[in-house]
Structure formats: C-alpha cells, structure tokens
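**Q** the sequence and its predicted three-dimensional model are supplied below.
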Amino acid sequence: MAYNDRETLVQEKWTLDQFKEWQDICINCGACAAHGPIIPHNNEELPPPNWSSPEHKCPSLEYYKFKTFAGQGRLALAVNLFQDKIQVTDSLTNIMYTCASCGICNEICPAYKPMQVILAAKEDICSRGKQLPEPLLELFENMDTAGNLFGLDKRARAVPKLPETGEYLYFTGCYTSYLLPQIGYVNAEILKQAGMDVCHLGENETCCGEVARQAGNTELFRKIALSNIEKVKKTGADKIIVSCAHCYKTWKEAYPWAMQEELPFEVLHITEVLSELIRQGKLTPEIPVERNITYHDPCFLRSQVNEQPRKILESIPGLCLTEMERNGRWSYCCGSGAKIALNCYPDYAAETGRVRAEEAAKAAAEVVTACPVCYNQLRFTAKAEGMDLRVNDISLLLAESLGISQEMYAQREDES
Ligand code: SF4
Ligand code: SF4
C-alpha cells in the first residue's frame, strides 16, 4: 500500500489484520493533541477562510490532560501493540477505551483517520481475550442475550403502530424504545401524516450493536449486524430511517465494514427525511414556536448530516437559532462517548457533559438535538448540575409546530 494514497488510507473498510501490517504513518504534526485553532489540510483542497478548529477539541485530552489520551498518543501505543512491542495492561485498556469515538481527530489529521486505528487497537485488545471494564462486559451480555443495551424484556419495548412491511423501515433503537418512547411515536406519526409507506420490526427489533463495534468486539458485532440485516430484508424495505445518531453511523458505515459489502438498502437519518418532506411541501410547520434555541450536533452526524437539522429548525415559524461556538463539523461530545464513557468512566462522561451543557446554556435557554443518546445525556446533566437549560429533541419540536399532540407521549415518558 502506498502511504501517499490517501483515498486508500481513509477507507473505513480496513480490518485489524490489515492495520497490523502498517508502520506508524503519523507525521507527528501535533494537530490532534494541541490546543488552539488548527486549519485542517487534507491534501485535496485548501480549506475555506476561517475554517479553523476550536481551541478545545478532544474530550479525553481535555479531561485526562496528557497527550497519551489524544489521537497521537493512542496511535503510538496502537502501533506498538500491533507489532507486539507492548503488552495489554489495565492502563493501556483505559487509554484506548476512554476515547469518546467522537471522530474530531479524523477531521483534523492530515495523514489519515486516527479514530479508525484506535478502533483497531480495541479490536486487538478484545481478540487477545484481555479483561475489559466490567460495565462493558454487561453491555455485551445484554446485547447478546436480551437484544438491547439495558437487558430488559422485549415486551417492555415501546413499539410505534406501523405495519410489518413497507418501502421504508423505521428503526427506533434502544434509547428511544426503552427510555424515550415519545420520540419513536412522534416520528412514526409524522411519517404517516406525510403519506410515507413506512414499517417497523415491532418487538423483533434488537440493538444495532454499536457498542460492540466501538468496543472492538467484532465477533459479537458481526453476529448482530447479520441478524439485523436479515430481518430488514424480510420487510421488503429498500430504505431504513433511524432517529439515533449511533444507529445511523452503525447502519451506514459499520455494517458495510463488518460485512465487507454494501447493504441492499439505503440508510437515512430522520432529519434527512423530514427536511426533504418539508422541502417538498408534504409537511408544513405552521404553529409558531416563539423560543430561542441552540442546536447540538451529535458526533455521529456532525460532519455528514449537519445542514438538514438546521433546515428543519429554519422552517419552524418563530424559532430563533443561536449557534454554540463549537457547532457543525466542530461540535463537541455530549459526554456519552459512544456509551462506553458513560458506562465505564462516569466521572469523565459527567464532566464532558457538563462542559457541553454549559456551552449550550450560554447560547440559549433550550438545546435541541437529533439523537436520543445526546438528548438523554444533556437532559441528565442539566438536571444533575441544576442548570436552567431545557433539552429537546428535533422531532418533538417539529411535532409541536405541526400540531401533533404529545400528551400521550409525555404520559409514556413519565411512566418510563
Ligand atoms: S475520537 Fe475523539 S476522543 Fe478519541 S482520540 Fe479522537 S478526538 Fe480524542
Ligand atoms: S495522528 Fe494525525 S493529527 Fe495527530 S499528530 Fe499524527 S499526523 Fe498529526
């Protein structure tokens, strides 16, 4: 492989064995481990003027302070691990698993995608059978045996009333199904009102397996991916709609990576669908929502789906959007850290969440997001910190302007 073949280097389809053949190609520019604005240069185009990164970027570097916890430090360790020059220790495991998987280093690095190598290092640690943090093992067990992150019975899953077959399949995900059912009900209702032929897997829907992917448990992840893909094939759907940023990244990128082939259906985030329905005049938000809000870009939508949510917000009469300093491509993690930080390193997750919630509160009294994991984390943080910050979901906000009643959904939320 030619190291100057950037197109080849940045492919997300590399497997652990292929990574192991690498020599370290980090050019030690320090961009991912530095404070201060960085102008990314990807060897293909000059960045637009003023397109520099914010001062603070990598959540784990901000919390743990040492360069070891940034892309550059982790890469050096990963390469030594791949070449068997170092052993897996608790310390090495913690350094790798405190990566929030936010992907900011992928945006900045002029050489390649550091986060993909960190993922490969986690895969290497898993494949050596080394002990992982206990909460992570519980998540694996829950995904494998109960089919959801929480280890709950599938009958406790909130299932939107949708048919079993259709052109589009709405995949609700664990957080919406078990913690925030109002988001699933509202999305199903909006899609039905727009006349879409949309179906759902019902109680047979199971976790997308994102935690297994982000933790490097490739065996479990492939098993989950294969099962989910087969279930969707049976519905006849040729497009999947997800309302969780983690499900989006997983279906869109990680499943093709795991299967080493393209999926037989297109994957769309709900904001891509809703913004298009508004553009086509199939949805018309008419009821004014006279509030000042800010928008939090989830890490897994940040660089690919950042215009569509803003188009939805622009379409709501009366709404005033004030951006946070770190927005769009340069958004900052909510603290959940692909749910691994949240479950395994709660102090780090809480501090990252506090930083982000405070940034939101400086911009507006209400923060809106497009991922139930971010929603839950920001809502929990605002409450725990006693902040005067309302947290909302973009579909719930749109439903307000469309006049879709949320009474029954609010009731379900209280029960959850
Ligand atoms: S993915 Fe995010 S947390 Fe992990 S090293 Fe890169 S910037 Fe830091
Ligand atoms: S990983 Fe990339 S951004 Fe970080 S120091 Fe190396 S070349 Fe620079």
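**A** All right, it came through fine. Ligands and ions are numbered 1, 2, ... in the order given.
**Q** burial count for the residue lying closest to F265 once chain neighbours are set aside?
**A** Sequence neighbours aside, D238 is the residue nearest to F265 in space, at 5.0 Å (criterion: CB to CB, 6 or more residues apart in numbering). C-betas here are computed from N, CA, C, even on glycine. Neighbours of D238 under the rule other CB atoms under 10 Å: 14.
**Q** who's I241 bridged to?
**A** On the basis of DSSP bridges, I241 is bridged to Y170, L268.
**Q** pLDDT value on it, please?
**A** With respect to pLDDT, I241 has a value of 98.
**Q** repeat for E415
**A** Model confidence at E415, given as pLDDT, is 43.
**Q** quick one: least confident helix or strand in this structure?
**A** Within the chain, no helix or strand scores below helix 6-9, which has a mean of 44 by mean pLDDT, DSSP states H and E.
**Q** would you list the phi and psi of the residue in the stretch 51-200 of the chain that ligand 2 sits nearest to?
**A** For the stretch 51-200 of the chain and ligand 2, the shortest gap (CB to the nearest ligand atom) falls at C109, measuring 3.2 Å. Taking degrees, to the nearest 10, you get phi -60, psi 130 for the backbone angles of C109.
**Q** skipping its backbone neighbours, what lies nearest it in space?
**A** C32 is the one closest to C109 (CB to CB, 6+ apart), at 5.8 Å.
**Q** what's the neighbour count on that neighbour?
**A** C32 has 28 neighbouring residues, counting by other CB under 10 Å.
**Q** residue contacts, it?
**A** K57, C58, A70, G71, Q72, I104, C105, I108, C109, P114 (CB atoms under 8 Å, 6 or more residues apart in numbering).
**Q** and for the closest residue in space to the second one that isn't next to it in sequence, the neighbour number?
**A** What that stands for is C58. Distances taken as CB to CB, 6+ apart place A70 nearest to C58, at 5.0 Å, with adjacent residues excluded. Using other CB under 10 Å, A70 has 24 other residues around it.
**Q** just L149 next, same as before
**A** Count around L149 with other CB under 10 Å applied: 24.
**Q** now the residue nearest to it when sequence neighbours are not counted: how far from C244?
**A** For L149, ignoring the flanking residues on the chain, the nearest one in space by CB to CB, 6+ apart is C174 at 4.5 Å. Distance of C174 to C244, given as CB to CB, to the nearest Å: 8 Å.
**Q** between the two, which is the more surrounded one?
**A** C244 (31 against 28).
**Q** can you give me the pLDDT of R329?
**A** Reported pLDDT for R329: 87.
**Q** surely it touches E107?
**A** Yes - counting by CB atoms under 8 Å, R329 does reach E107; the two are 6.2 Å apart.
**Q** which of those two has more neighbours?
**A** The neighbour comparison of R329 against E107 (other CB under 10 Å) goes to E107, with 20 against 15.
**Q** so that one sits against C58, correct?
**A** No - E107 is beyond contact range of C58, at 10.8 Å (criterion: CB under 8 Å).
**Q** the residue nearest to F265: what's it in contact with?
**A** Contact analysis of D238 by CB under 8 Å, 6+ apart lists E167, P264, F265, E266.
**Q** turn these into CSV, columns for distance to I224 and pLDDT.
**A** Shown next, in CSV, are those (distance: CB to CB, whole Å; pLDDT from 0 to 100):
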residue, distance to I224, pLDDT
E167, 24, 97
P264, 17, 93
F265, 17, 94
E266, 20, 96
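**Q** and these, which of them are buried?
**A** Buried by 16 or more other CB atoms under 10 Å: F265, out of the contacts of D238.
**Q** just send the contacts of D238 back as CSV, with distance to ligand 2 and secondary structure too.
**A** Converted to CSV, those look like this (distance: CB to the nearest ligand atom, whole Å; DSSP: H, G, I helix; E, B strand; the rest coil):
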residue, distance to ligand 2, secondary structure
E167, 42, coil
P264, 35, coil
F265, 34, coil
E266, 32, strand
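**Q** closest to L201 out of the contacts of D238?
**A** When these are compared for distance to L201 (CB to CB), F265 wins out at 13.3 Å.
**Q** what distance do you get for the closest one to Q377?
**A** Distance of F265 to Q377, computed by CB to CB: 29 Å.
**Q** repeat for E385
**A** Counting by CB to CB, the gap from E385 to Q377 is 12 Å.
**Q** which bits of the stretch 51-200 of the chain sit near ligand 1?
**A** 58-60, 70-71, 74, 99-105, 114-115 (CB under 6 Å from any ligand atom).
**Q** repeat that for 8 Å
**A** 57-61, 69-71, 74, 98-106, 108, 114-115, 118 (CB under 8 Å from any ligand atom).
**Q** any stretches of the protein with poor pLDDT?
**A** Residue ranges of the chain with pLDDT under 70: 1-16, 18-23, 36-52, 406-416.
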